[in-house]
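# With the sequence up front, the predicted model follows.
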Amino acid sequence: MESLLITGGAGFIGSNFVHYVLEKYPSCRVVVYDKLTYAGNLDNLRDAAGDPRYSLVRGDICDETLVEEVVCEHEIDAIVNFAAETHVDRSILEPGSFIQTDVYGTHVLLEVVRKLGLQRMLHVSTDEVYGSVTDGSSVETDNLLPNSPYSASKAGGDLMCRAYHVTYGVPVVITRASNNFGPHQYPEKVIPLFITNALDDKPLPLYGDGLNVRDWLYVLDHCEAIDLMLREGQDGEVYNVGADRELTNLELTQTILDMMGKPSSLIQHVEDRPGHDRRYSLDSSKIRKLGWRTRHRFEDALEGTVRWYTDNRWWWEKLKAGDFESYYHEQYGTRRVLADS
Ligand code: NAD
Ligand code: DAU
């Protein structure tokens, strides 16, 4: 696959994937196709800008005419779809754009793959589609039981992929990953939010009792899994991508504070997220059988991430001062601080 359309390539995971591909495949061309929403950031692609194998198109995945035009013009072989509205709290405030991009937009890409006969579409999805997991771990054939407008929209996109494969034979592969972390993650997500707040000695707003569990996957391990599945996954199949590194949010927060030499008194328990899933957990044996494994130790990767945010204030300070400020106020200005904090 010599020419990739990377939708959502200006976001967190997408931009990490762009750099990964340009470095790994000297003859591969990438076209980033991105709407540049609040989460799309050209600073993430600064290092690729001078590379003749890279180009950028500002566009919406819901715009079928433009997607088709770009695919033809750049002789695209495959689409890797990262484009999505991704933040659960925002989906609770305003679900419409999630349904539009994550369901309808996914359908548009599938339609273009079908019409133009592309070799493959890799659709990047999430463990959240399985819903909250009390015991054990989700396997790919489990029912989808999404609980937030975000996860319901992602589940809708996944089901569109399934339907396009079964009905039209579209060569689509789905990956479902756990929580990612690393450089270039927008500071609304818990790890960059807590690191950047702690750097400024601001409170870390921990939802509810802080005992919700997430499984933390370093973004480059995720990129490797996506690359492998793009090339070696089976059409119509789903692959879970988990790190087996489950932590409560409280454990995670304490680890970050310890790494940064900051006091626990920065933790502020606030009112819980509505519909907050208690735990996600993935059984990733299917992708492991194909040779994938995590290659980054959690503690090292987290330390590297703390260092990156410490050294790159220029990247996040302007984000937190811009659109984020009004969002943050809407999110936390009304969120009650719990008595025991
Ligand atoms: P992000 O929010 O950082 O980036 C999303 C990107 O998509 C942005 O560049 C944005 O401008 C673009 N975009 C949004 N709507 C668009 C549209 N209509 N047309 C074109 N571009 C559009 O997201 P991320 O964290 O990098 O996540 C990427 C993908 O991975 C998403 O599909 C997400 O559901 C999935 N995922 C994320 C995680 C995680 O922990 N971050 C875990 C598992 C799966
Ligand atoms: O599981 C994969 C998913 O991980 C992705 O599909 C999503 O796109 C991504 O946003 C992420 O969703 P989460 O809701 O798990 O991530 P978030 O960083 O928002 O929250 C992680 C946990 O931390 C969650 O239990 C809520 C909690 N949290 C979050 C924020 C922002 C807090 O306690 N306080 C906060 O301020």
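Okay, I see it. Because the structure is a prediction, the values reported are computed rather than measured. Ligands and ions are numbered 1, 2, ... in the order given.
# From now on I want contacts and neighbour counts done on CA atoms only, so please keep to that.
Fine.
# Stretch 204-217 - what's its average pLDDT?
Averaged over stretch 204-217, pLDDT sits at 98.
# One more: stretch 319-336?
73.
# Quick one: end-to-end distance for it.
25 Å (CA to CA, to the nearest Å).
# can you give me the helices for the chain?
Counting by DSSP state H, the chain has helices at residues 12-24, 64-73, 88-93, 96-98, 106-116, 149-168, 190-199, 219-232, 249-260, 285-289, 298-311, 313-321, 323-332.
# helices and strands around the shortest one, which ones?
Which is helix 96-98. helix 149-168 (3 or more CA pairs under 8 Å, 6 or more residues apart in numbering; DSSP states H and E).
# Next, the angle from the helix it packs on to helix 106-116.
Going by axes from the mean of the first three to the mean of the last three CA atoms, to 10 degrees, helix 149-168 is angled at 20 degrees with respect to helix 106-116.
# now helix 149-168, how far from the chain's geometric center?
Its chain's C-alpha centre and that of helix 149-168 lie 17 Å apart, by CA atoms, centre = their mean, to the nearest Å.
# Check stretch 249-257 too.
For stretch 249-257, the distance to the chain centre is 21 Å (CA atoms, centre = their mean).
# So what touches that stretch?
Identification of contacts with stretch 249-257 by CA atoms under 8 Å, 6 or more residues apart in numbering yields 194-195, 198, 206, 210-214, 263-264, 267, 302, 306.
# repeat that for 10 Å
Identification of contacts with stretch 249-257 by CA atoms under 10 Å, 6 or more residues apart in numbering yields 190-191, 194-195, 198-199, 204, 206-207, 209-214, 216, 246-248, 258-267, 269, 299, 302-303, 306.
# Give me the below-cutoff pLDDT ranges for this protein.
Scanning the chain for pLDDT under 70 picks out 323, 325, 329-334, 339-341.
# Mark out where each domain of it begins and ends.
Segmentation of the chain into domains, based on automatic domain parsing, reads 3-180+216-241, 184-214+245-276+297-332.
# Next one: the last one, is it in contact with ligand 2?
What it means is domain 184-214+245-276+297-332. Yes - against ligand 2, domain 184-214+245-276+297-332 shows contacts by CA under 6 Å from any ligand atom at 188, 189, 190, 205, 206, 207, 212, 249.
# Identify the farthest-apart pair in those residues.
188 and 212 (17.6 Å; CA to CA).
# returning to what we had before: show me which of the contacts of stretch 249-257 are buried.
Neighbour-count burial (16 or more other CA atoms under 10 Å) applied to the contacts of stretch 249-257 gives 190-191, 194-195, 198-199, 204, 206-207, 209-210, 212-214, 216, 246-248, 260, 266-267, 269, 302, 306.
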